[in-house]
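Undergrad: please work out how this folds:
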Amino acid sequence: MIDFISPQSKEKLTAQNGKLVSPSGESFPVIKGIPRFVPIDNYASAFGLQWNTFSKTQLDSHSELNITNERLERCLGFQLNELKGKTVLEVGCGAGRFTELLVKSGALVHSIDLSNAVEANKLNIGDQPNYRIAQAGAYEIPFPDNAFDIVLCLGVIQHTPSSEKTIESLWNKVRPGGMLAIDHYRWRLAYYGNMRWIYRELFRKMKPEKSQRVINKLVDIFFPMHWATKDNKLLYWLLIRFTPLFEYVREYPQLNKEVHKEWSRMDTYDGLTDYYKHLRTSAQIKRELEKLGGKNIWINEGGNGVEARSVK
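TA: As a prediction, this is how the structure comes out:
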(Lines give C-alpha, C1' and ligand atoms only; values in the text may rest on other atoms or scores of the structure.)
Protein backbone atom coordinates (compact mmCIF):
# COMPACT_ATOMS: atom_id res chain seq x y z
CA MET A 1 0.00 0.00 0.00
CA ILE A 2 1.13 3.56 -0.70
CA ASP A 3 1.74 5.77 2.35
CA PHE A 4 -0.07 9.05 2.94
CA ILE A 5 1.84 12.27 2.33
CA SER A 6 1.01 15.88 3.11
CA PRO A 7 -0.79 17.43 0.12
CA GLN A 8 1.07 20.68 0.85
CA SER A 9 4.67 19.80 1.74
CA LYS A 10 4.65 16.31 0.09
CA GLU A 11 6.35 14.94 3.23
CA LYS A 12 5.54 11.43 4.41
CA LEU A 13 3.11 11.31 7.33
CA THR A 14 3.28 9.17 10.45
CA ALA A 15 0.58 8.39 13.02
CA GLN A 16 0.91 10.17 16.37
CA ASN A 17 -1.77 10.56 19.04
CA GLY A 18 -4.77 10.25 16.73
CA LYS A 19 -3.27 12.42 14.00
CA LEU A 20 -1.06 12.12 10.94
CA VAL A 21 2.00 14.32 11.38
CA SER A 22 4.75 15.44 8.99
CA PRO A 23 8.42 16.01 9.95
CA SER A 24 7.90 19.76 9.54
CA GLY A 25 4.99 19.78 12.00
CA GLU A 26 1.90 19.61 9.78
CA SER A 27 -0.97 17.77 11.47
CA PHE A 28 -4.09 16.11 10.04
CA PRO A 29 -6.77 14.64 12.33
CA VAL A 30 -7.92 11.03 12.16
CA ILE A 31 -11.65 10.93 12.97
CA LYS A 32 -13.60 7.66 13.15
CA GLY A 33 -10.49 5.93 11.86
CA ILE A 34 -10.35 8.11 8.72
CA PRO A 35 -7.61 10.71 8.03
CA ARG A 36 -9.12 14.11 7.21
CA PHE A 37 -7.19 16.38 4.85
CA VAL A 38 -10.10 18.82 4.33
CA PRO A 39 -12.77 20.26 6.64
CA ILE A 40 -15.54 17.72 7.28
CA ASP A 41 -18.13 20.22 5.99
CA ASN A 42 -17.46 21.82 2.59
CA TYR A 43 -19.16 22.47 -0.77
CA ALA A 44 -19.66 18.69 -1.15
CA SER A 45 -21.65 18.41 2.09
CA ALA A 46 -24.84 17.64 0.15
CA PHE A 47 -23.13 14.58 -1.33
CA GLY A 48 -22.03 13.54 2.15
CA LEU A 49 -25.63 13.63 3.37
CA GLN A 50 -26.75 11.77 0.25
CA TRP A 51 -24.33 8.87 0.60
CA ASN A 52 -24.79 8.50 4.34
CA THR A 53 -28.55 8.36 3.71
CA PHE A 54 -28.37 5.98 0.75
CA SER A 55 -25.26 4.13 1.88
CA LYS A 56 -26.11 0.80 0.25
CA THR A 57 -28.58 1.67 -2.51
CA GLN A 58 -26.12 1.58 -5.42
CA LEU A 59 -24.01 -1.35 -4.23
CA ASP A 60 -24.30 -4.38 -6.50
CA SER A 61 -24.11 -6.53 -3.38
CA HIS A 62 -27.26 -4.81 -2.10
CA SER A 63 -29.27 -4.49 -5.31
CA GLU A 64 -28.24 -7.97 -6.53
CA LEU A 65 -27.74 -6.43 -9.96
CA ASN A 66 -24.60 -6.11 -12.07
CA ILE A 67 -24.99 -2.44 -13.03
CA THR A 68 -21.91 -1.09 -11.27
CA ASN A 69 -19.70 -4.00 -12.28
CA GLU A 70 -20.62 -3.57 -15.95
CA ARG A 71 -19.97 0.18 -15.85
CA LEU A 72 -16.63 -0.25 -14.10
CA GLU A 73 -15.36 -2.92 -16.48
CA ARG A 74 -16.47 -0.88 -19.50
CA CYS A 75 -14.59 2.20 -18.29
CA LEU A 76 -11.47 0.21 -17.41
CA GLY A 77 -11.54 -1.82 -20.62
CA PHE A 78 -10.90 -5.17 -18.94
CA GLN A 79 -12.36 -7.55 -16.36
CA LEU A 80 -11.95 -6.75 -12.69
CA ASN A 81 -9.96 -9.89 -11.93
CA GLU A 82 -7.09 -8.30 -13.87
CA LEU A 83 -6.77 -5.66 -11.13
CA LYS A 84 -5.27 -8.05 -8.58
CA GLY A 85 -2.11 -6.58 -7.09
CA LYS A 86 -2.38 -3.27 -8.98
CA THR A 87 -2.28 0.05 -7.13
CA VAL A 88 -5.56 1.92 -7.65
CA LEU A 89 -6.47 5.46 -6.63
CA GLU A 90 -10.24 6.01 -6.50
CA VAL A 91 -11.15 9.70 -6.35
CA GLY A 92 -14.72 10.48 -5.30
CA CYS A 93 -15.48 7.12 -3.73
CA GLY A 94 -18.86 8.03 -2.23
CA ALA A 95 -20.49 5.23 -0.26
CA GLY A 96 -18.43 2.59 -2.08
CA ARG A 97 -20.34 1.29 -5.11
CA PHE A 98 -17.04 0.95 -7.01
CA THR A 99 -14.86 0.54 -3.91
CA GLU A 100 -16.40 -2.79 -2.91
CA LEU A 101 -15.72 -4.24 -6.37
CA LEU A 102 -12.17 -2.88 -6.47
CA VAL A 103 -11.35 -4.29 -3.04
CA LYS A 104 -12.94 -7.65 -3.89
CA SER A 105 -10.81 -7.83 -7.07
CA GLY A 106 -7.62 -7.88 -5.00
CA ALA A 107 -6.44 -4.44 -6.12
CA LEU A 108 -4.54 -2.26 -3.64
CA VAL A 109 -7.26 0.34 -3.24
CA HIS A 110 -6.68 3.92 -2.05
CA SER A 111 -10.03 5.76 -1.89
CA ILE A 112 -10.73 9.42 -1.18
CA ASP A 113 -13.79 11.66 -1.19
CA LEU A 114 -14.21 15.35 -0.45
CA SER A 115 -17.35 14.73 1.61
CA ASN A 116 -17.98 12.76 4.77
CA ALA A 117 -19.38 10.00 2.56
CA VAL A 118 -16.07 8.37 3.46
CA GLU A 119 -17.76 7.31 6.70
CA ALA A 120 -20.42 5.33 4.81
CA ASN A 121 -17.68 3.91 2.59
CA LYS A 122 -15.66 2.65 5.54
CA LEU A 123 -18.75 1.10 7.15
CA ASN A 124 -19.55 -0.71 3.90
CA ILE A 125 -16.01 -1.95 3.23
CA GLY A 126 -14.73 -2.53 6.77
CA ASP A 127 -11.10 -3.13 7.64
CA GLN A 128 -9.40 -4.78 4.69
CA PRO A 129 -5.62 -5.16 4.19
CA ASN A 130 -5.86 -3.90 0.58
CA TYR A 131 -8.02 -0.83 1.37
CA ARG A 132 -7.10 2.65 2.58
CA ILE A 133 -9.48 5.63 2.80
CA ALA A 134 -9.24 9.36 3.56
CA GLN A 135 -11.37 12.47 3.31
CA ALA A 136 -9.53 14.58 0.75
CA GLY A 137 -10.17 16.65 -2.36
CA ALA A 138 -9.18 16.08 -5.97
CA TYR A 139 -6.76 19.03 -5.86
CA GLU A 140 -4.99 18.03 -2.63
CA ILE A 141 -4.58 14.29 -3.05
CA PRO A 142 -2.55 12.88 -0.12
CA PHE A 143 -0.46 10.48 -2.21
CA PRO A 144 2.72 10.96 -4.28
CA ASP A 145 2.71 11.84 -7.98
CA ASN A 146 3.41 9.09 -10.53
CA ALA A 147 2.45 6.41 -8.01
CA PHE A 148 -0.59 4.50 -9.25
CA ASP A 149 -1.16 1.85 -11.89
CA ILE A 150 -4.74 3.09 -12.29
CA VAL A 151 -6.46 6.31 -11.27
CA LEU A 152 -10.25 6.05 -11.39
CA CYS A 153 -12.73 8.91 -11.11
CA LEU A 154 -16.34 8.17 -12.06
CA GLY A 155 -19.33 10.42 -11.43
CA VAL A 156 -17.24 13.20 -9.92
CA ILE A 157 -15.30 15.53 -12.25
CA GLN A 158 -18.34 17.56 -13.35
CA HIS A 159 -18.99 18.44 -9.70
CA THR A 160 -15.56 20.02 -9.04
CA PRO A 161 -14.68 23.71 -9.53
CA SER A 162 -12.79 23.07 -12.79
CA SER A 163 -13.09 19.90 -14.87
CA GLU A 164 -9.77 20.53 -16.63
CA LYS A 165 -7.87 21.26 -13.42
CA THR A 166 -9.32 18.10 -11.87
CA ILE A 167 -8.32 15.90 -14.82
CA GLU A 168 -4.79 17.29 -14.66
CA SER A 169 -4.58 16.64 -10.91
CA LEU A 170 -5.71 13.04 -11.44
CA TRP A 171 -3.25 12.61 -14.31
CA ASN A 172 -0.36 13.64 -12.06
CA LYS A 173 -0.98 10.61 -9.84
CA VAL A 174 -0.78 8.06 -12.68
CA ARG A 175 2.60 6.33 -13.04
CA PRO A 176 4.22 6.26 -16.49
CA GLY A 177 2.61 3.36 -18.32
CA GLY A 178 -0.42 3.51 -16.01
CA MET A 179 -3.97 4.44 -16.91
CA LEU A 180 -6.50 7.14 -16.07
CA ALA A 181 -10.21 6.19 -16.34
CA ILE A 182 -12.84 8.92 -15.99
CA ASP A 183 -16.29 10.00 -17.01
CA HIS A 184 -18.07 13.35 -17.31
CA TYR A 185 -21.53 14.74 -17.95
CA ARG A 186 -21.93 15.29 -21.69
CA TRP A 187 -22.92 18.68 -23.09
CA ARG A 188 -26.16 18.45 -25.03
CA LEU A 189 -28.96 20.84 -25.81
CA ALA A 190 -31.45 18.37 -24.32
CA TYR A 191 -30.10 19.27 -20.87
CA TYR A 192 -32.17 22.44 -21.13
CA GLY A 193 -35.20 20.57 -22.51
CA ASN A 194 -36.83 20.19 -19.09
CA MET A 195 -37.23 22.24 -15.92
CA ARG A 196 -34.69 20.42 -13.74
CA TRP A 197 -32.08 23.17 -14.15
CA ILE A 198 -34.60 25.68 -12.75
CA TYR A 199 -35.35 23.46 -9.77
CA ARG A 200 -31.61 23.03 -9.22
CA GLU A 201 -31.05 26.78 -8.93
CA LEU A 202 -33.47 26.77 -6.01
CA PHE A 203 -32.31 23.65 -4.21
CA ARG A 204 -28.54 24.05 -4.37
CA LYS A 205 -28.84 27.27 -2.33
CA MET A 206 -30.62 25.48 0.51
CA LYS A 207 -29.06 23.72 3.46
CA PRO A 208 -28.68 20.01 2.60
CA GLU A 209 -31.11 18.81 5.28
CA LYS A 210 -33.84 21.19 4.11
CA SER A 211 -33.41 20.42 0.41
CA GLN A 212 -33.54 16.70 1.18
CA ARG A 213 -36.85 17.07 3.04
CA VAL A 214 -38.42 19.06 0.21
CA ILE A 215 -37.12 16.74 -2.51
CA ASN A 216 -38.47 13.70 -0.67
CA LYS A 217 -41.91 15.33 -0.69
CA LEU A 218 -41.64 16.04 -4.42
CA VAL A 219 -40.74 12.42 -5.08
CA ASP A 220 -43.78 11.33 -3.07
CA ILE A 221 -45.96 13.57 -5.26
CA PHE A 222 -44.50 12.96 -8.71
CA PHE A 223 -43.10 9.43 -8.65
CA PRO A 224 -46.54 7.74 -8.83
CA MET A 225 -47.15 9.73 -12.03
CA HIS A 226 -43.86 8.55 -13.54
CA TRP A 227 -44.65 4.97 -12.62
CA ALA A 228 -48.19 5.17 -14.03
CA THR A 229 -47.04 6.56 -17.40
CA LYS A 230 -43.90 4.44 -17.90
CA ASP A 231 -45.56 2.37 -20.63
CA ASN A 232 -47.09 5.35 -22.44
CA LYS A 233 -44.28 7.02 -24.39
CA LEU A 234 -46.15 10.25 -25.14
CA LEU A 235 -47.47 10.88 -21.63
CA TYR A 236 -44.14 9.92 -20.11
CA TRP A 237 -42.25 12.28 -22.45
CA LEU A 238 -44.59 15.15 -21.58
CA LEU A 239 -44.34 14.44 -17.86
CA ILE A 240 -40.53 14.46 -17.65
CA ARG A 241 -40.44 17.90 -19.29
CA PHE A 242 -41.96 19.41 -16.16
CA THR A 243 -41.23 17.31 -13.07
CA PRO A 244 -37.86 17.53 -11.29
CA LEU A 245 -37.45 13.79 -10.82
CA PHE A 246 -34.51 11.68 -11.89
CA GLU A 247 -35.61 8.05 -12.24
CA TYR A 248 -34.95 4.90 -14.28
CA VAL A 249 -38.36 3.21 -14.55
CA ARG A 250 -37.90 2.60 -18.28
CA GLU A 251 -34.17 1.76 -18.18
CA TYR A 252 -34.38 -0.96 -15.52
CA PRO A 253 -37.78 -2.66 -15.75
CA GLN A 254 -36.51 -5.56 -13.62
CA LEU A 255 -36.56 -3.38 -10.49
CA ASN A 256 -39.74 -3.15 -8.46
CA LYS A 257 -41.62 0.05 -7.67
CA GLU A 258 -40.17 0.59 -4.18
CA VAL A 259 -36.57 0.19 -5.36
CA HIS A 260 -37.21 2.62 -8.21
CA LYS A 261 -38.66 5.12 -5.76
CA GLU A 262 -35.60 4.85 -3.52
CA TRP A 263 -33.30 5.39 -6.52
CA SER A 264 -35.42 8.39 -7.51
CA ARG A 265 -35.06 9.94 -4.03
CA MET A 266 -31.30 9.40 -4.21
CA ASP A 267 -30.62 10.69 -7.72
CA THR A 268 -33.14 13.55 -7.64
CA TYR A 269 -31.34 14.84 -4.57
CA ASP A 270 -28.00 14.22 -6.31
CA GLY A 271 -29.03 15.99 -9.49
CA LEU A 272 -30.66 19.05 -7.90
CA THR A 273 -28.24 19.92 -5.09
CA ASP A 274 -24.74 19.63 -6.61
CA TYR A 275 -22.85 22.90 -6.16
CA TYR A 276 -21.04 22.57 -9.50
CA LYS A 277 -22.40 20.93 -12.66
CA HIS A 278 -20.16 21.18 -15.73
CA LEU A 279 -20.90 19.74 -19.16
CA ARG A 280 -18.27 18.76 -21.75
CA THR A 281 -18.35 17.23 -25.22
CA SER A 282 -16.45 14.08 -26.15
CA ALA A 283 -14.10 16.23 -28.24
CA GLN A 284 -13.30 18.48 -25.27
CA ILE A 285 -12.45 15.52 -23.03
CA LYS A 286 -10.27 13.99 -25.75
CA ARG A 287 -8.43 17.28 -26.30
CA GLU A 288 -7.70 17.58 -22.58
CA LEU A 289 -6.20 14.09 -22.47
CA GLU A 290 -4.16 14.79 -25.61
CA LYS A 291 -2.86 18.03 -24.07
CA LEU A 292 -1.63 16.05 -21.07
CA GLY A 293 0.22 13.66 -23.38
CA GLY A 294 -2.20 10.75 -23.15
CA LYS A 295 -1.80 7.72 -25.41
CA ASN A 296 -4.26 5.04 -26.57
CA ILE A 297 -7.16 7.36 -25.74
CA TRP A 298 -10.58 5.69 -25.66
CA ILE A 299 -13.76 7.78 -25.73
CA ASN A 300 -17.30 6.48 -25.39
CA GLU A 301 -20.65 8.23 -25.15
CA GLY A 302 -22.73 6.27 -22.67
CA GLY A 303 -23.19 5.59 -19.01
CA ASN A 304 -22.71 8.88 -17.17
CA GLY A 305 -22.21 10.85 -20.40
CA VAL A 306 -18.67 10.80 -21.78
CA GLU A 307 -16.48 7.90 -20.66
CA ALA A 308 -12.74 8.04 -21.31
CA ARG A 309 -9.46 6.37 -20.50
CA SER A 310 -5.87 7.01 -21.48
CA VAL A 311 -2.42 5.56 -20.89
CA LYS A 312 0.32 7.84 -19.52
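Undergrad: just how off-centre is stretch 113-131 within its chain?
TA: Between the centre of stretch 113-131 and the centre of its chain there are 13 Å (CA atoms, centre = their mean, to the nearest Å).
Undergrad: give me the residues contacting that stretch.
TA: 1, 32-34, 38, 40-45, 47-48, 50-52, 55-56, 59, 91-96, 99-100, 103, 106-109, 111-112, 133-138 (CB atoms under 8 Å, 6 or more residues apart in numbering). To be clear about C-beta, it is placed using only N, CA and C from the backbone, and glycine gets the same treatment.
Undergrad: what about it, how long is it end to end?
TA: 14 Å (CA to CA, to the nearest Å).
Undergrad: buried residues, it. List them.
TA: Using 16 or more other CB atoms under 10 Å as the test for burial, stretch 113-131 gives 113-122, 124-125, 130-131.
Undergrad: format these as TSV; extra columns: secondary structure.
TA: Formatted as TSV, the buried residues of stretch 113-131 follow (DSSP: H, G, I helix; E, B strand; the rest coil):
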residue	secondary structure
Asp113	strand
Leu114	coil
Ser115	coil
Asn116	coil
Ala117	helix
Val118	helix
Glu119	helix
Ala120	helix
Asn121	helix
Lys122	helix
Asn124	helix
Ile125	helix
Asn130	coil
Tyr131	strand
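Undergrad: what is the nearest of those residues to Lys165?
TA: Leu114 (14.0 Å; CB to CB).
Undergrad: so of the contacts of stretch 113-131, which ones are in strands?
TA: Judged by DSSP state E, strands contain the following of the contacts of stretch 113-131: Ile34, Val91, Leu108, Val109, Ser111, Ile112, Ile133, Ala134, Gln135.
Undergrad: returning to that earlier point: ok, the buried residues of stretch 113-131 vs Glu290, which is closest?
TA: Leu114 (27.4 Å).
Undergrad: quick one: buried ones out of the contacts of stretch 113-131?
TA: In the contacts of stretch 113-131, the ones that pass as buried (16+ other CB under 10 Å) are 34, 38, 43-45, 47-48, 50-52, 55-56, 59, 91-96, 99-100, 103, 107-109, 111-112, 133-138.
Undergrad: strands of this structure, start to end?
TA: 14-16, 19-21, 27-31, 34-35, 87-91, 108-113, 131-135, 148-153, 174-184, 295-302, 305-311.
Undergrad: export those as TSV, with columns for distance to Phe78 and mean pLDDT.
TA: Formatted as TSV, the strands of the chain follow (distance: least, CB to CB, whole Å; pLDDT from 0 to 100):
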stretch	distance to Phe78	mean pLDDT
strand 14-16	35	94
strand 19-21	34	96
strand 27-31	35	96
strand 34-35	30	96
strand 87-91	13	98
strand 108-113	16	98
strand 131-135	21	97
strand 148-153	10	98
strand 174-184	10	98
strand 295-302	12	95
strand 305-311	10	97
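Undergrad: those: which one's closest to Leu238?
TA: That would be strand 305-311 among the strands of the chain, by CB to CB, at 24.4 Å.
Undergrad: on that earlier part again, tell me which two in the ones in strands among the contacts of stretch 113-131 are the farthest apart.
TA: Farthest pair in those (CB to CB) is Leu108 and Gln135. Separation: 19.5 Å.
Undergrad: Val311 bridge partners, please.
TA: Per DSSP bridges, the residues bridged to Val311 are Met179, Lys295.
Undergrad: which residues does it contact?
TA: So Val311 contacts Gly177, Gly178, Met179, Gly294, Lys295, Asn296 (CB under 8 Å, 6+ apart).
Undergrad: ok, back up a step: out of the strands of the chain, which is the most enclosed?
TA: strand 108-113 (a mean of 27; mean count of other CB atoms under 10 Å).
Undergrad: list the pairing partners of that strand within its sheet, with orientation.
TA: Sheet pairing of strand 108-113 (DSSP bridges) gives strand 87-91 (parallel), strand 131-135 (parallel).
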